[in-house]
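Student: Coordinates for the following, if possible.
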Amino acid sequence: MNTPLFSTIASGLFTRSKSRSGKFQNNGCNRGVTWLLVCLLGVVLNGSGGKAWAATSSAAADAAFTPVAAWPTVAEWVFDHSSEAAGAVEVTPVREGEPLVLLPGMSLVADSRAPGGKALKMDGTQSKWATSANVLPTKENVYVDLRFCASQDGAERQTLVKLSRGPEIRVNLKTSTVELILWTVDKKWTSARVPYVPGEWSALRASVIDGVLTLELNGEIATARMPEGGVLETGPSRVYVGCYADRPFKGAIAYLALRSP
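Tutor: As a prediction, the model looks like this:
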């Protein structure tokens, strides 16, 4: 099957990324057949510990997020919009949403590479997160737009953004990937993963649409699907930035926007 045409299609249109499901059985598809279908049709299939392939053109990335274009903005923060009061720093939204309150271990710094010229820097020692003052009107379907720069070290798993009743975007140092993770109410989960480059600013887009997860980082796409019948942990949420549970992020974030239908 390794014909010149087949090799051209596989190498020219697709690069490798990763997705996985937790606590679910493998879908049982023959990997060779699945690999052929993915390369020929551009369909990303997901299974427990399985592999996905992703188109890397900007057109393919844009097409993957076409449905969210008409969704209203829930909140948008550019981190050069900030003020200090009582020893804390607040980042005010530029459109909709609530202020984010920054806690010890986080600071606003100048960074010419960052959108707006400033970034929220986190040293990895923070035990609390930056969070919105009130819940945001997110729904089951949600979209996240993020600009970040991850360090080369820190905790093995680091939370970039987490909705209290929704997905999490997490850096995994062990696999050198960024993950989009979604849970059901009984704590089963599915994730999509793409590689990232430490020390460089990255543009990330992520969406959950009817149980389908799509993650795009610098043009590379990975998708995953929640198994049928699972009740998703979704709804109006607070947004946590830079830490969740024992997963402090080390690096910087300069832009965050949320949309939901």
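Student: Pass me the low-pLDDT residue ranges in the stretch 51-200 of the chain, would you?
Tutor: For the stretch 51-200 of the chain, applying pLDDT under 70 flags the ranges 51-58, 82-87, 104-105.
Student: That one: helices as residue ranges?
Tutor: 58-64 (DSSP state H, counting those that start in this stretch).
Student: Residues in a beta bridge with the residue nearest to residue 220 when sequence neighbours are not counted, which ones?
Tutor: Across the structure, with Cβ to Cβ, 6 or more residues apart in numbering as the measure, the residue nearest residue 220 apart from its sequence neighbours is residue 194 (5.0 Å). Backbone N, C-alpha and C define where each C-beta goes, glycine included. Residue 194 forms beta bridges with residue 178, as assigned by DSSP bridges.
Student: quick one, phi/psi of residue 208?
Tutor: The phi and psi torsions at residue 208 (degrees, to the nearest 10) take the values phi -120, psi 120.
Student: what does residue 79 give?
Tutor: The phi and psi torsions at residue 79 (degrees, to the nearest 10) take the values phi -80, psi 10.
Student: Who are the contact partners of the nearest residue to it once chain neighbours are set aside?
Tutor: If the residues on either side of it in the chain are set aside, residue 79 comes closest to residue 120, at 4.8 Å by Cβ to Cβ, 6+ apart. Each residue near residue 120 by Cβ atoms under 8 Å, 6 or more residues apart in numbering is listed here: 79, 91, 102, 106-108, 130, 241-242, 252-254.
Student: coming back round to it: isn't the residue nearest to residue 220 right up against residue 214?
Tutor: No: with contacts defined as Cβ atoms under 8 Å, residue 194 does not count as touching residue 214, sitting 10.5 Å away.
Student: And these two? Which one has more around it.
Tutor: Summary of the neighbour comparison: residue 194 and residue 214, criterion other Cβ atoms under 10 Å, with residue 194 having more neighbours (26 against 23).
Student: And the more buried one, how far from residue 215?
Tutor: When Cβ to Cβ, to the nearest Å is applied, the distance between residue 194 and residue 215 equals 6 Å.
Student: Also residue 241?
Tutor: Applying Cβ to Cβ to residue 241 and residue 215 gives a distance of 18 Å.
Student: ok, now residue 204?
Tutor: Counting by Cβ to Cβ, the gap from residue 204 to residue 215 is 8 Å.
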